[in-house]
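Novice: the sequence isn't on hand, but the structure is:
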């Protein structure tokens, strides 16, 4: 037992004395979180802007202009020069340009005189939109259509025969930073253990440290247990620090159980440590261990839902995404932090991470080499 604790303490001292390890394993994730959190601190708000040009200058067109500029869903400002407005639209400075054409008031008067309109036409406005940003422009066009529809119903004294009764429920009111922080914790766990274990073990093997350990009465299980304990302590502390920084700076919180959150930190650490041992066994040199670990970990950052929702990924990637461990680690951490889910809801994530842990350690036991 004394050898186990001495190796654990020695590993922790190595972490503390290596300033680069401290920076890249702790400070970099915190810096990354603060940077992205500052950029997206307003959540998923969308800014829509445009201009309205009244070429008719009638009482009817002025009423429509007031309806456009008086609402808050879409920032529409009155303008006079159509060419300048369209040029600004082409440059991407705004999303919409709405023209109330000359003769709008007269056409509206003719339309209102008969129900339905005798010639089948209606007063019209023209909406120009940016085709290079069709998704955002479509939102603006929907708002414009609602405004025009509301004005039309007022003019025709429309009385709806079917109505909607709105009933609000409590919302979590989550922002992007609430999505990001659990992903940062998962990224840190993966990087520290998958990349860190592979590089360190490969380096110790090349320098002969593992060979000298093998020549002592030290059991391989004691060596591996000490590695696991030291990294569990380090990862647990780092996860708590990142969560506290996120709470102090951005107001994120853990709505679920801290014990359950740390349980998934432990499962994630063990699973990625096992994968790191496999890479260390396959890599012949420390120089090759780094690229192999990077080749595996880099795609996982984007496929595992660290920065982007998994549901937005391409359909053909979904089966692969549902198999990789970081997907279930990020989902479990988010569910505990944001929703307050318990183990009865997260047992599939715990099972899959446990399965990765068992399979990877079995494989690592065959690939691990002292020399």
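Specialist: Structure's in. What do you need? Quantities reported herein were computed from a predicted structural model and do not represent experimental measurements.
Novice: list of residues touching stretch 329-342?
Specialist: 172, 174, 178-179, 181-183, 185-186, 189-190, 243, 252-257, 260-261, 264-265, 267-268, 271, 304-306, 310, 345-346, 349-350, 353 (C-beta atoms under 8 Å, 6 or more residues apart in numbering). To be clear about C-beta, it is placed using only N, CA and C from the backbone, and glycine gets the same treatment.
Novice: actually stretch 92-103, not the one I typed
Specialist: 48-56, 61, 64-65, 68, 74, 76, 82, 85-86, 88-89, 124-130, 132-133, 136-137, 140-141, 144.
Novice: that older thread, can you turn the buried part of the contacts of stretch 329-342 into a ChimeraX selection?
Specialist: To isolate the buried ones among the contacts of stretch 329-342 in ChimeraX, judged by 16 or more other C-beta atoms under 10 Å, type:
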select :178,179,181,182,183,185,186,189,190,243,252,254,256,260,261,264,265,267,268,271,304,305,306,310,346,349,350,353
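Novice: which parts of stretch 147-155 are buried?
Specialist: Those buried within stretch 147-155 under the rule 16+ other C-beta under 10 Å are 147-148, 151.
Novice: got a list of what residue 180 touches?
Specialist: Residue 180 neighbours (C-beta under 8 Å, 6+ apart): 33, 36-37, 40, 307.
Novice: just the buried residues of those residues.
Specialist: So, of the contacts of residue 180, 33, 36-37, 307 end up buried under the neighbour-count rule (16+ other C-beta under 10 Å).
Novice: could you dump those residues to CSV with pLDDT and secondary structure?
Specialist: Converted to CSV, the buried ones among the contacts of residue 180 look like this (pLDDT from 0 to 100; DSSP: H, G, I helix; E, B strand; the rest coil):
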residue, pLDDT, secondary structure
33, 80, helix
36, 75, helix
37, 73, helix
307, 78, coil
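Novice: pull the most distant pair out of those.
Specialist: Using C-beta to C-beta, the buried ones among the contacts of residue 180 reach their maximum pairwise distance at 37 and 307, which is 11.9 Å.
Novice: helix or strand right after the longest helix seen in the chain?
Specialist: Looking across the chain with DSSP state H, the single longest helix is helix 220-250. Where DSSP states H and E defines the elements, the next helix or strand beyond helix 220-250 is helix 258-282.
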